[in-house]
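*Asks:* Pasting a predicted model and its sequence here:
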Amino acid sequence: MAGISFKNVEKTYENGVTVIKDLNLDINDKEFVVLVGPSGCGKSTTLRMIAGLESVTAGELYIGDRLINAVPPKDRDIAMVFQNYALYPHMSVYKNMAFALTLLKEKKDVIDEKVHEAAKILGLEEYLDRKPKALSGGQRQRVALGRAMVRNPSVFLLDEPLSNLDAKLRTEMRSQISKLHQRLGTTFVYVTHDQVEAMTMGDRICVMNAGVIQQFDTPQVLYDQPKNLFVAGFIGSPQMNFIDAVVEKEGDGYALKFDQTTISVNRSELADYVGKTVVVGVRPEDLHMEKEYFKGGNTIKTLVDLDEMMGSETLLYLAYEDAKIIAKVPSPCPVHTGDEVELAINTDRIHVFDKETEEAIFN
Amino acid sequence: MEVKTSKVRTVIAYIVLLILTFLCLFFFYILIINSTRSHAQIQQGFSAIPGKSFFINLKHVLHDANIPVLSGIKNSLIVSTGAAILATYFSAMTAYGLYAYSFKFRKAAFIFIMLILVMPTQVSALGFMRLMDNMHLLNTLWPLILPSVAAPAVFYFMYSYMQSSLPMELVEAARIDGCSEFRTFNRIVLPIMKPAIAVQAIFTFVMAWNNYFIPALIISENKKKTLPILIAALRSADFLKFDMGKVYMLITIAIVPIIIVYILLSRFIVAGVALGGVKE
Ligand SMILES: Nc1ncnc2c1ncn2[C@@H]1O[C@H](COP(=O)(O)OP(=O)(O)OP(=O)(O)O)[C@@H](O)[C@H]1O
Ligand SMILES: [Mg+2]
């Protein structure tokens, strides 16, 4: 049992800055949770509080049923992988991995077995005698993972472990870490600002901004039903398009109007917004050139600013009023930079947000 | 043209360096040459050729009952080694304390240590001597060794080195690995500090080795004297017995251990011990 619970946790640094205000978060046992958010939003701070490297200013922090506010890191049964590896430079790979076990006064052959097992899983066997200096970035990061693995902790903490690696290696390590999670069956808390990592690895993703949790849910729910503008804009790449629209009554239902476009929707949530401006969110892949999506009025007609062929898909950057709109259409794309294009919005998949509170009205 | 000027530059640089090297080593040369010449020969003036009195001088030095050279070497070694170990270990520890922990009076502590740095020894020497007298430590080696525990200059060097070479992440990793604070210092921090420790150990050793002022105040017993006191005693010996060959021989003897220590420790003065542990 090693879930993690934050109960009204607050963190104020010595310089008086309150980075985390009233954090409530429940991470289940054996879950892979990703903390994601823009730089400086307090992800590392949150992770470091779990690790015990930062004190908790107020509130309660539990691992399992145990209140750990005052428990030193070494007694928390956790392991951590740092962004910059943090390997002991004067020790060989073997000693780096064995260090924690030697401190526990484990028997030599037990240590040997565990280190070799971890090295085997991570493909590090031939490097055991080397110093970190003589390893590549990816190998160093694997050593850091191995060092955490051998201890068999109940919680695994990872702070942007892949951000120093190149794109290919990152993809490879991503699946390796996911596999590691399945194999170990322990709780993983993973910090990143890369939303691809978040989406692919997390059982649940906790989106943070300015020290406040915006939404904590599965990747699919975050993608389909973002709670507010921040989450909608943060999750998904390229990001969701946002267009201001006015709500009007239209027969039994309502219509969202902007420029030449009218989107008919039958949602009672809009009742209070008639005559007001709301924000319509449309994902790039919900803009279509195929005729079956054209229902009259639900289209936008504009010039292509730039077309980017990405392989199976093409991104069209559209010059539309003052909003920048990106559409993701299948390749090959018949239109190019400078051409005029008409795209239909898939009205079943639009998101509407309150312009003031930025909360979702419906998804 | 470019190539020519750079060649001229190289030649000039080499000439300057050669002159400097010569100036540095010339005195050692004179010293060693003179230690092989008799008093009479030395008084005749400078000579580049070694004399034949090396063993005679050596015998005179070793057999002078007033100048216990062997115990002098032993005392000097004890004092200098002790001072080097204490100064480097405890300064590194102090520096680590101020570097790795944040506590209320951290800044004040730092300033206080820096203030000690600018305080000349002469100011506190008399008080120190009386204190040692009261503690019955005169004529022992302790007063020459123990004060090295507080070495502000060494501390400052260690502190700067930590700022450039000791990432806090390593310390944090050790804490998570279950290392106690004291052990983290000994097992993780000290090995990374090796180059700084080697540099400061050499400095402290040489300084303690050459120190005359404090030992002269504390030590009056022949058996406890360190080499600098013995050399001074030899030089101020009465005119009839005065032997320059002996003086030079003793100084030569005094220099050898320093050279050995330097050679032993300089191996550790390599850049980049911390390299590879974290991504810069
Ligand atoms: N030791 C500290 N003292 C004071 N403020 C700090 C300290 N550490 C972090 N902060 C501040 O706390 C805020 C959150 O920092 P944190 O490192 O948790 O961000 P993050 O979400 O991990 O960002 P990044 O993605 O850049 O790593 C930042 O504004 C930062 O300036
Ligand atoms: Mg961070």
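*Replies:* Arrived safely, thanks for sending. Numbers count the residues shown, from 1 in each chain, chains lettered A, B, ... in the order given. Ligands and ions are numbered 1, 2, ... in the order given.
*Asks:* My guess is residue B:69 contacts residue B:59. True?
*Replies:* No - counting by CB atoms under 8 Å, residue B:69 stays clear of residue B:59, with 11.2 Å between them. Every C-beta, even on glycine, is put in place using the N, C-alpha and C of the backbone.
*Asks:* Next, the contact list for the residue positioned nearest the centre of chain A, please.
*Replies:* By CA atoms, centre = their mean, chain A has its centre lying nearest to residue A:198, at 3.3 Å. Applying CB atoms under 8 Å, 6 or more residues apart in numbering or on different chains to residue A:198 gives the contacts A:34, A:36, A:192, A:205, A:219, A:235.
*Asks:* What residues sit buried inside the host helix or strand of residue A:188?
*Replies:* For residue A:188, the enclosing helix or strand under DSSP states H and E is strand A:187-192. For strand A:187-192, a neighbour-count test (16 or more other CB atoms under 10 Å in any protein chain shown) marks A:187-192 as buried.
*Asks:* which of the residues you listed lies closest to residue A:14?
*Replies:* Lowest distance from residue A:14 to these (CB to CB) belongs to residue A:191, with 22.0 Å.
*Asks:* Residue A:43 is in contact with that closest one, correct?
*Replies:* Yes - counting by CB under 8 Å, residue A:43 is a contact partner of residue A:191 at 4.5 Å.
*Asks:* what residues are shared contacts of those two?
*Replies:* In terms of CB under 8 Å, 6+ apart, residue A:191 and residue A:43 are both contacted by the residues A:35-36, A:159.
*Asks:* for those residues, which one is nearest residue A:183?
*Replies:* Set against residue A:183, the nearest of the shared contacts of residue A:191 and residue A:43 by CB to CB is residue A:159 (21.1 Å).
*Asks:* Could you count how many residues lie near residue B:77?
*Replies:* By the measure other CB atoms under 10 Å in any protein chain shown, the count of residues near residue B:77 is 17.
*Asks:* what residues are up against it?
*Replies:* Residue B:77 sits next to residue B:257 when contact means CB under 8 Å, 6+ apart.
*Asks:* thinking again about what came up before, neighbour-wise, which one of the shared contacts of residue A:191 and residue A:43 leads?
*Replies:* residue A:35 (29 neighbours).
*Asks:* and that residue, what helix or strand is that in?
*Replies:* Using DSSP H and E, residue A:35 falls in strand A:32-36.
*Asks:* Setting aside sequence neighbours, what's the nearest residue to the residue of the stretch 151-280 of chain B found nearest ligand 1?
*Replies:* Proximity of the stretch 151-280 of chain B to ligand 1 (CB to the nearest ligand atom) peaks at residue B:168, 9.8 Å away. Distance criterion CB to CB, 6 or more residues apart in numbering or on different chains; nearest residue to residue B:168, sequence neighbours excluded, is residue B:100 at 6.7 Å.
*Asks:* which residues sit in contact with residue A:279?
*Replies:* A:229, A:242-245, A:352-355, A:358.
*Asks:* ditto for residue A:99
*Replies:* Residues near residue A:99 by CB under 8 Å, 6+ apart: A:88, A:91, A:147, B:174, B:177, B:179.
*Asks:* From the residues you listed, pick the one nearest residue A:50.
*Replies:* Of these, the one sitting nearest to residue A:50 (CB to CB) turns out to be residue B:177, at 16.0 Å.
*Asks:* what's the spacing between the nearest residue to the closest one once chain neighbours are set aside and residue A:106?
*Replies:* Using CB to CB, 6+ apart and skipping residues adjacent in sequence, the residue nearest residue B:177 is residue A:100, 4.0 Å away. Distance, residue A:100 to residue A:106, using CB to CB, to the nearest Å: 9 Å.
*Asks:* These two: which has the busier surroundings?
*Replies:* residue A:100 (23 against 17).
*Asks:* How far away from the center of its chain is the strand or helix carrying the more buried one?
*Replies:* Here residue A:100, judged by DSSP H and E, is contained in helix A:93-103. Relative to the centre of its chain, helix A:93-103 is centred 32 Å away, using CA atoms, centre = their mean, to the nearest Å.
*Asks:* more neighbours, residue B:69 and residue B:59?
*Replies:* When neighbours are counted by other CB under 10 Å, residue B:69 comes out ahead of the other of residue B:69 and residue B:59, with 21 against 13.
*Asks:* Nearest residue to residue A:147 in space, ignoring adjacent ones along the chain?
*Replies:* Closest to residue A:147 by CB to CB, 6+ apart is residue A:97, at 4.9 Å.
*Asks:* just to revisit the earlier point, of the contacts of residue A:99, which is the most crowded?
*Replies:* Going by other CB under 10 Å, residue A:147 tops the contacts of residue A:99 with 29 neighbours.
*Asks:* Extract the residue ranges of chain A that are flagged as low pLDDT.
*Replies:* By pLDDT under 70, the low-scoring segments of chain A are A:1.
*Asks:* Break it down into its domains, please.
*Replies:* A:4-234, A:241-362 (automatic domain parsing).
*Asks:* How about the longest one and ligand 1, touching?
*Replies:* Yes - residues of domain A:4-234 contacting ligand 1 under CB under 6 Å from any ligand atom: A:13, A:15, A:17, A:19, A:37, A:39-45, A:193.
*Asks:* what's the farthest-apart pair in those residues?
*Replies:* Within these, two members stand farthest from each other by CB to CB: A:15 and A:193, at 23.0 Å.
*Asks:* Compare the two and say which is more crowded by neighbours.
*Replies:* Per other CB under 10 Å, whichever of residue A:15 and residue A:193 has more neighbours is residue A:193, with 17 against 5.
*Asks:* Low-confidence regions, chain B specifically.
*Replies:* Residues of chain B meeting the criterion pLDDT under 70: B:1-3, B:238-240, B:270-277, B:279-280.
*Asks:* Tell me where it has strands.
*Replies:* Defined through DSSP state E, the strands belonging to chain B form an empty list.
*Asks:* interface residues of the stretch 151-300 of chain A facing chain B?
*Replies:* A:151, A:164 (CB under 8 Å from any CB of the partner chain).
*Asks:* Kindly recompute the last result at 6 Å.
*Replies:* residue A:164 (CB under 6 Å from any CB of the partner chain).
*Asks:* Can you tell me which residue of the stretch 151-300 of chain A sits closest to ligand 1?
*Replies:* Residue nearest to ligand 1 within the stretch 151-300 of chain A: residue A:193 (4.7 Å; CB to the nearest ligand atom).
*Asks:* for that residue, phi and psi?
*Replies:* Per-residue torsions, residue A:193: phi -110, psi 10 (degrees, to the nearest 10).
*Asks:* how many neighbours does the nearest residue to residue B:42 once chain neighbours are set aside have?
*Replies:* Counting by CB to CB, 6+ apart, residue B:42 lies nearest to residue B:244, which is 4.4 Å off, once chain neighbours are set aside. The local packing of residue B:244 (other CB under 10 Å) involves 19 other residues.
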